[in-house]
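Engineer: fold the following and give me the result.
(chains A and B)
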Amino acid sequence: MLTVIAFYTLAAVAIASAVMFVIARDLVLAALWFPLVFYSIVGLNVLLGAELLGVFMVLFSLIAAAGLFLLSVFALGGDPSLFVTRLRAYDRQIRVMGGILFFEVVLILGHLFFRSDAVPVQPELPQGVTDQAADVSVLTSTQLIALVGAVLVLITAVIGAISLTSTRRNALEEPDFLDVLYKQGAGGARAGASRREPRG
Amino acid sequence: MNDMQTIPELGGVGLEAYLALAAVLFVLGLLGIVANRRSAIRTLLSLELMLLSVNINVVAFSAHHGDLVGWVFTLVIGLVAVAGCVIGFAILVCIYRLRGTTDVTDVSILKG
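Structural biologist: Residues are numbered from 1 along each chain as shown, chains lettered A, B, ... in the order given. Coordinates of the predicted model:
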């Protein structure tokens, strides 16, 4: 019964947070609603018996949150204290979200400790195959290759992102040549049009 | 090999509930992209929301069939999604430094 309540609570919170994320006009507020959707889905994964997957998803979210934090700090001129000051404007919303998140954690822990009707996923092994042999068969399969490939993609992406953001370009010293050309062309066209109008 | 009767219900509810939830979240992610076209950050987060809804489907079917392959797929999807986010945010930082905004409509020099 507790599992059913936990599912419907998590689903309701996920949908409500997603709606708030979509309709929020303030970008920071929308970005604050998103983790609530994410952690609700992590909770649903735990309900499905995928606790390890939930742990990995939390790790992914921490990486993404670190990226968002860096982006916000860069956007505010590289001063983290300014970021914290801006975030204090959303103090009340953050408290509400924290309360909802705490309630979700309590529900999930309750499900883990007091579950009776939920059956964890335990795939049945073929006869004569031990747990250890099954683990090795999973680890040497193509699934591991896909996983390692994804990790390599992530490492490459992180290296690329660091090299991309560490390249300092000053927009004032290096104006966008195409933009300048475009503006001159548009200005010239407008000037030409205004010159032509009196003749017509 | 996988006896589906060992998993009569997924977390206390049926598979349909998880699929319905995933469908609703996917549509909301799509709405987030369509309704907020200007903000690149919001578009990236909406894409993440759509990926999360797909993950719910994969994990639910994985639990329904008692097969762990879906969890591995979810991990791969999550890792690639984080990689995409990291690259996307790095590009956004570069655009912000050059333009002073992350408005997608301003970045249109390749339109022709």
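
Engineer: from here on, just use CA atoms for contacts and neighbour counts.
Structural biologist: Noted.

Engineer: show me where chain A has its strands.
Structural biologist: Using DSSP state E, no strands are found in chain A.

Engineer: quick one, helices of it?
Structural biologist: For chain A, applying DSSP state H gives helices covering A:2-23, A:27-47, A:51-75, A:80-87, A:91-114, A:131-139, A:142-166, A:177-199.

Engineer: are the fourth one and chain B in contact anywhere?
Structural biologist: No - using CA under 8 Å from any CA of the partner chain, no contact is recorded between helix A:80-87 and chain B, whose separation bottoms out at 15.4 Å.

Engineer: give me the mean pLDDT for that helix.
Structural biologist: What helix A:80-87 shows for mean pLDDT is 74.

Engineer: do the fifth one as well
Structural biologist: Helix A:91-114 carries an average pLDDT of 87.

Engineer: now that helix - C-alpha only, PDB.
Structural biologist: C-alpha atoms of helix A:91-114 as PDB (Å, rounded to 0.1, in the frame of the first residue of the first chain):
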ATOM      1  CA  ASP A  91      14.400  31.500  -1.000                       C
ATOM      2  CA  ARG A  92      10.700  30.700  -0.500                       C
ATOM      3  CA  GLN A  93      10.400  28.500  -3.600                       C
ATOM      4  CA  ILE A  94      13.600  26.700  -2.700                       C
ATOM      5  CA  ARG A  95      12.300  26.000   0.800                       C
ATOM      6  CA  VAL A  96       9.000  24.600  -0.700                       C
ATOM      7  CA  MET A  97      10.900  22.400  -3.100                       C
ATOM      8  CA  GLY A  98      13.200  21.200  -0.400                       C
ATOM      9  CA  GLY A  99      10.200  20.200   1.700                       C
ATOM     10  CA  ILE A 100       8.600  18.300  -1.200                       C
ATOM     11  CA  LEU A 101      12.000  16.600  -1.800                       C
ATOM     12  CA  PHE A 102      12.300  15.600   1.800                       C
ATOM     13  CA  PHE A 103       8.800  14.100   1.800                       C
ATOM     14  CA  GLU A 104       9.700  12.100  -1.300                       C
ATOM     15  CA  VAL A 105      12.800  10.800   0.300                       C
ATOM     16  CA  VAL A 106      10.800   9.700   3.400                       C
ATOM     17  CA  LEU A 107       8.300   7.900   1.100                       C
ATOM     18  CA  ILE A 108      11.100   6.100  -0.800                       C
ATOM     19  CA  LEU A 109      12.800   5.100   2.400                       C
ATOM     20  CA  GLY A 110       9.500   3.900   3.800                       C
ATOM     21  CA  HIS A 111       9.000   1.900   0.600                       C
ATOM     22  CA  LEU A 112      12.500   0.400   0.900                       C
ATOM     23  CA  PHE A 113      12.100  -0.600   4.600                       C
ATOM     24  CA  PHE A 114       8.500  -1.600   4.800                       C
END
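
Engineer: list the helices and strands that helix packs on?
Structural biologist: On a contact count with 3 or more CA pairs under 8 Å, 6 or more residues apart in numbering or on different chains; DSSP states H and E, helix A:91-114 meets helix A:2-23, helix A:27-47.

Engineer: next one: the fourth one
Structural biologist: Contact here means 3+ CA pairs under 8 Å, 6+ apart; on that basis helix A:80-87 packs against helix A:51-75.

Engineer: buried set for stretch A:95-103?
Structural biologist: Buried positions in stretch A:95-103, judged by neighbour count with 16 or more other CA atoms under 10 Å in any protein chain shown: A:97, A:100-101.

Engineer: contacts for it next, please.
Structural biologist: A:33, A:36, A:39 (CA atoms under 8 Å, 6 or more residues apart in numbering or on different chains).

Engineer: alright, I will stop here.
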